[in-house]
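Colleague: have a look at this fold, sequence not included:
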């Protein structure tokens, strides 16, 4: 993103995908970058601490899942993007 925030490249909101799910996102933060996190259905699944972007695969059960992607700076400011995807 050109302004501070999170851009989720994959999965696309409302899409149907197979497991493992490829999750790709990028962020821009103000201040100093601390980490990015993926939470699926309220459970933290992945943390990235060295880059403002990531690509990872997550094995998930069939059904609808909510992905919350967070970017956090060292001051604790958090940016979030959420998408919902169905695993078929």
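Modeller: Good, I have the coordinates. A quick note: this is a predicted structure, and the numbers were derived from the prediction, not measured.

Colleague: tell me what the residue nearest to the spatial centre of the chain is bridged to.
Modeller: The C-alpha lying nearest the average C-alpha coordinate of the chain belongs to residue 69 (Cα atoms, centre = their mean; 3.0 Å). Listed by DSSP bridges, the beta-bridge partners for residue 69 are residue 38, residue 81.

Colleague: one more: residue 22?
Modeller: residue 57.

Colleague: how far away is residue 86 from residue 48?
Modeller: 25 Å (Cβ to Cβ, to the nearest Å). Any C-beta I mention is one placed from the backbone N, CA and C, and that applies to glycine too.

Colleague: nearest residue to residue 88 other than its sequence neighbours?
Modeller: residue 16 (5.1 Å; Cβ to Cβ, 6 or more residues apart in numbering).

Colleague: count of neighbours near that neighbour?
Modeller: Residue 16 has 11 neighbouring residues, counting by other Cβ atoms under 10 Å.

Colleague: OK, contacts around it?
Modeller: 85-88 (Cβ atoms under 8 Å, 6 or more residues apart in numbering).
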